[in-house]
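Chemist: need the 3D shape of this:
(chains A, B and C)
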Amino acid sequence: MKKIKVAILGSGNIGTDLLIKIMRSPLLECSLFIGRNLASPGMMKANSLGVRISDKSIDAIVRAPDCCELVFDATSALDAGRHWAILKKLGKTVIDLTPAKLGVLCVPAVNLNDCLGHQNINMVTCGGQATIPIASQIAKIHPNVEYIEIVSSIASRSAGPATRLNIDEYVETTERALAVFTGCPKTKAILILNPAEPCIDMQTTISARIKNPDVSKLRAAVTQMAEKVRQYVPGYQLILSPTQDGDRLITMIKVQGLGDYLPKFSGNLDIINCAAIAAAEEFAKKKAPEK
Amino acid sequence: MNSIVRQDCENALAGKTDLLKALRNETVLITGGTGFFGVWLAEMIAGLNDKHGFGARLILMARRPNLLYEKAPHLAKRKDFTVIAHDVRTLVELPAETSFIIHAAGSPDSRLHASDPLQTIDVIVNGTNAVLAAASRLPVLRKVLLVSSGLIYGAQPWEMTAIPENFMGSIDCAAAISAYPESKRMTETIAAAFRSQHRLPIVNVRPFAFIGPYQLMDRPWAINNFIRDGLRGGPIRILGDGTSVRSYMYPSDMAFWLMRILVDGTPGRSYNLGSPAGITLKELAEKIAACFPNPIRIECRFLTNEIARRSRFVPDISLAGNTMGLAINVDLDTAIRRTILWNQTARPAAETELIDDRV
Amino acid sequence: MNATDTANKMKKILINDPTLRDGNHAVKHQLTARQIAAYAAAADAAGVPIVEVGHGNGLGASSLQVGISLTDDHLMLKTAKENLKRAKLGIFVIPGFATINKDLKPALELGADVVRVACHCTEADTTQRHISFAREHGKEVYGVLMMSHMASTETLIDECRKMESYGAEGVILMDSAGASLPADVSEKISALVENINIPVGFHAHNNLGLAVINSITAAQSGAAILDGTARGFGAGAGNTQLEALVAVLHKIGFDTGIDLYKMLDAADLAEKSILPMIPTIKSISIVSGLAGVFSGFARHVERAAAEYKVDPRDIFFELGRRRAVAGQEDMIVEIAEMLAKKKREGKK
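Modeler: As a prediction, this is how the structure comes out:
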């Protein structure tokens, strides 16, 4: 299958990690790695891998619009907004890893096919990617679920200045996404930064308030869903199967990163990247017959 | 149109434009063009061009030029001004016609310095290196003004009423919180190296504290807090016993001084930039409260009886005064009144200094 | 001011009373509006300067994870505000649990006067937005560093400086595990008082029976803010017993502005109508205090100990040795398994 050409906007840790994943993909080819600073570690890494680099930011695509069909935006919410205005006109598909949320929310294990018709796909949050697959199964089996809560613990070292400054934004986006994907009226997301060494993997507890939950049915569905997520997030693990604990149903998952560019303990960042790649690869598959 | 600022510029320039004649028909480039310094310098140059036929061209370089469109659209649209989007850290080439440079890039927001000392160091140190390296290849360069900081002195000893430029000061280089002042100190050393190796004509300026239009009221600095509290109807809260001493320069004085030092400052010299008129925070609060028609209560929140943790931050400006006749023209009372008026009438609506939220 | 005046002027300590917030942990966050009204009024009458109210983990923390409160944030704050005439209404905010839009903003609109923004002692930069927000709205804002025994003095200085730069007007060290000894408190508080420019505070827990003396030591080392709760109301071994603290502070020459008799009355009222029992130092508290481990592990530890037939106290000490923090419950099972294995091998 011929690879489709993709560009990466944003040469920070996220963009660089994406690049490594793309280079492994049988369906994607990174034709342009774009940032603002040629001397940044990401740019130097990309260059050393023989990938074409540019410090012209969005202009690099404007000047050579045929360079790619799909663009990963790993810059910032503000810049993503600016980029989208331009990329929309150029007819590019954008996979947005920033909190900009301009397009459709995408959690591959749940709604990937629905997203393919859209030009702008947003990857929600790390907590969203980790829990929405599971939460959506809970809501499917128990549409009357009253309340869903997720608590994520991530390694302190995996939370950079942007994460720390935008915790509120993370919480609110995750809560809204959970509500959208499950139809549950009340959702809550909690984020805890854990400074323990050695660094912990991302761990998330999902709790739900359900009247008379069918635990065995939930277990089967959740286990199957976890397997589905593992297809694109190899480090995704169900560590506690759905269990009744007092008045709440609780299940726990753990995400260890692949360690491509980001360290393994940054499972929280890795899961979004893996999800983004999954979305892009599906886009590529659907495009293939046209070639 | 921003008539308060325009008037301030005209007052500052009145009868003194001859001192700046070296800028006639020249091309001035300012890095950090959308910041407080950049915007005021732009207003001044606009004044020089419009009222005094200076014919100067201004190039404003900034990471996010759209900030200028939001803060001061009348400046962004000018035909004699060009706005360039560029991050100083990756600067390689400067426009060949540039004859004067004011390097003011770098955020003074202490919250950013605390949360992201690495970015702070990167922008200040690497940015300065890049700008001066690019400047060293300019064919018609006349002068470079490097904006350092009054914070490079470290803590001002209490007994020293005003810090002179030859005070060496001391900063704990091993503390993360020293990232900003240490970076600024480094830029003065970098400037000295460029003067020595590349014969670049660079003069340094060490700004202290300012209050006036275009300054953001959300910055956690005493005078900003007091004015903001006053605008809200009070009470004005002073933390500590109010005996700390500060001084504030009005930005029209600041901008005039910057241009004067750019033109006539001696390369290799560092000049303090600020007001020598020290005032205690308590007196400052009282002055501000008096500017409002309704009575404003002042609260002095002082928790313990130990030696008051008072501090001083006041520059000795005799160097600039003696060598270039620079003086303070706008007194603090006027400065406060103009600032309040501007905040009440002319402040742009979208006024959030963006926090770089890169993924 | 002459020398005599200076000598006679007493040192002031600002007392922050989280009986109705930290105490909520002891009753699984089931404080009622009536209890809040009664105690708030009594504390107010006693001249307590700040009365802190809310779920044990602060605004927006009512959850399955840490417990659902009986009374919602809105009602708790409204009730307290109605019953405070002189005292300021305090709130506790942990970014990650509470957000500005959903929790902090409404609380300020309800009349919260004092905002304490808290984080784990190494994560101060998560508090920037919240401290700035409260400051911009003209509120009294403090930073709180939790589990403060887990960070070195140097780290604490760095973290306090961050909070100071965001606009915090004081920073409080919270000895959440009750692990500190007076010498630790003296060293840390003195270093902070010397190196940061804003007042420093201390919030003790009584796991090792040292809450009052630790608080006194903090005051003598230059702390200007101290926390205490009525009868030490709080989870496990409880907090610093406020009325005892106030009594001692007055005796040694500190001025709190609190009327001792009325403070004792408020504590009597708390004992009668709020505390289900007076906190005592049980074995598990001593062990978690010695181990320096988050007391919230207790339930998980006891369960794992029962399942693997090992001593829960051994699990605690191992958690302490590994410097486990909240969220690492899975480590408990791992440790229990390891201890059980050791036991089996020992028997052979």
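
Chemist: and the helix or strand encompassing C:A37, what does it pack onto?
Modeler: When elements are assigned from DSSP states H and E, C:A37 belongs to helix C:33-45. Secondary-structure packing of helix C:33-45 (3 or more C-beta pairs under 8 Å, 6 or more residues apart in numbering or on different chains; DSSP states H and E): strand C:14-20, strand C:50-53, helix C:73-82, helix C:260-273. From N, CA and C alone the C-beta is placed, and that goes for glycine too.

Chemist: mind running it again at 10 Å?
Modeler: strand C:14-20, strand C:50-53, helix C:73-82, strand C:88-93, helix C:260-273 (3 or more C-beta pairs under 10 Å, 6 or more residues apart in numbering or on different chains; DSSP states H and E).

Chemist: so how far is the fourth one off the chain centroid?
Modeler: Read it as strand C:88-93. A distance of 12 Å separates the centroid of the chain from that of strand C:88-93, by C-alpha atoms, centre = their mean, to the nearest Å.

Chemist: following that strand, which helix or strand comes up?
Modeler: Trace forward from strand C:88-93 with DSSP H and E and the next one is helix C:105-109.

Chemist: what's that following helix in contact with?
Modeler: Defining contact as C-beta atoms under 10 Å, 6 or more residues apart in numbering or on different chains, one finds that helix C:105-109 is touched by C:53-54, C:58-60, C:73-74, C:76-77, C:89, C:91, C:93, C:98-100, C:112, C:115, C:133-134, C:137-139.

Chemist: near chain B, which of those residues show up?
Modeler: C:F133, C:H137, C:G138, C:K139 (C-beta under 10 Å from any C-beta of the partner chain).

Chemist: just checking, the last one touches C:A112?
Modeler: This means C:K139. Yes: using C-beta atoms under 10 Å, C:K139 is in contact with C:A112, at 7.1 Å.

Chemist: which neighbours do those two have in common?
Modeler: Common neighbours of C:K139 and C:A112 (C-beta under 10 Å, 6+ apart) are C:K88, C:I91, C:L104.

Chemist: for these, which one is nearest chain B?
Modeler: C:K88 (11.1 Å; C-beta to the nearest C-beta).

Chemist: which strand residues sit across from that closest one in the sheet?
Modeler: Beta bridges link C:K88 to C:I50, judged by DSSP bridges.

Chemist: what's it in contact with, if anything?
Modeler: C:16, C:44, C:48-52, C:81, C:111-114, C:139-140 are the contacts of C:K88 under C-beta under 10 Å, 6+ apart.

Chemist: now C:T240
Modeler: Contacts of C:T240 by C-beta under 10 Å, 6+ apart are C:175, C:178, C:202-206, C:210-216, C:218, C:226-229, C:232, C:234.

Chemist: same check on A:V62?
Modeler: Contact analysis of A:V62 by C-beta under 10 Å, 6+ apart lists A:K56, A:I86, A:L87, A:K89, A:L90.

Chemist: now the fourth one: how far from chain C?
Modeler: When you say that, I think you mean A:K89. As judged by C-beta to the nearest C-beta, to the nearest Å, A:K89 and chain C stand 33 Å apart.

Chemist: buried residues in stretch A:135-149, which are they?
Modeler: Neighbour-count burial for stretch A:135-149 flags A:A135, A:S136, A:Q137, A:I138, A:A139, A:I141, A:H142, A:V145, A:Y147, A:I148, A:E149 (criterion: 16 or more other C-beta atoms under 10 Å in any protein chain shown).

Chemist: got the CA positions of it in CSV?
Modeler: Extracted in CSV, the C-alpha atoms of stretch A:135-149 (Å, rounded to 0.1, in the frame of the first residue of the first chain):
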residue,chain,number,x,y,z
ALA,A,135,-16.6,4.4,30.0
SER,A,136,-18.4,4.1,26.7
GLN,A,137,-18.8,0.4,27.3
ILE,A,138,-20.1,1.0,30.8
ALA,A,139,-22.7,3.4,29.3
LYS,A,140,-23.6,1.0,26.5
ILE,A,141,-24.5,-1.7,29.0
HIS,A,142,-26.0,0.6,31.5
PRO,A,143,-27.5,3.6,29.7
ASN,A,144,-28.9,4.8,33.1
VAL,A,145,-25.4,5.3,34.6
GLU,A,146,-25.8,8.3,36.9
TYR,A,147,-22.2,9.4,37.4
ILE,A,148,-18.8,8.6,36.0
GLU,A,149,-15.6,9.7,37.6
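
Chemist: is it positioned near chain C?
Modeler: Yes: with C-beta under 10 Å from any C-beta as the criterion, chain C is reached by stretch A:135-149 at A:Y147, A:I148, A:E149.

Chemist: in this structure the last one contacts A:T182, no?
Modeler: In other words, A:E149. No: with contact defined as C-beta under 10 Å, A:E149 does not count as touching A:T182 (11.7 Å).

Chemist: which neighbours do these two share?
Modeler: Residues touching both A:E149 and A:T182 by C-beta under 10 Å, 6+ apart: A:T131, A:A135, A:A208.

Chemist: list the contacts for the first one?
Modeler: Residues near A:T131 by C-beta under 10 Å, 6+ apart: A:107, A:124-125, A:138, A:148-152, A:174, A:177-178, A:181-182, A:187, A:189, A:204-206, A:251, A:253.

Chemist: what about those residues, which are in strands?
Modeler: By the criterion of DSSP state E, membership of these in strands covers A:I148, A:E149, A:I150, A:V151, A:S152, A:T187, A:A189, A:T204, A:T205, A:I206, A:T251, A:I253.

Chemist: neighbour-wise, which of those residues leads?
Modeler: When neighbours are taken as other C-beta atoms under 10 Å in any protein chain shown, the top entry among the ones in strands among the contacts of A:T131 is A:I148 (30 neighbours).

Chemist: that one pairs with what?
Modeler: Residues in a beta bridge with A:I148, per DSSP bridges, are A:T187, A:A208.

Chemist: check it and give its pLDDT.
Modeler: Looking at A:I148, its pLDDT reads 97.

Chemist: and what of B:A222?
Modeler: For B:A222, the model assigns a pLDDT of 90.

Chemist: is it correct that it is in contact with B:A285?
Modeler: Yes: if you go by C-beta under 10 Å, B:A222 and B:A285 touch, sitting 8.5 Å apart.

Chemist: now for those two: what residues contact both?
Modeler: Residues touching both B:A222 and B:A285 (C-beta under 10 Å, 6+ apart) are B:I238, B:G242.

Chemist: out of these two, which sits in the busier spot?
Modeler: B:A285 (28 against 18).

Chemist: ok so the more buried one is a helix residue?
Modeler: Yes: counting by DSSP: H, G, I helix; E, B strand; the rest coil, one finds B:A285 located in a helix.

Chemist: and for the closest residue to chain B within the stretch 101-250 of chain A, the neighbour number?
Modeler: Closest residue of the stretch 101-250 of chain A to chain B, C-beta to the nearest C-beta: A:P161 (4.6 Å). Neighbour count of A:P161, defined by other C-beta under 10 Å: 19.
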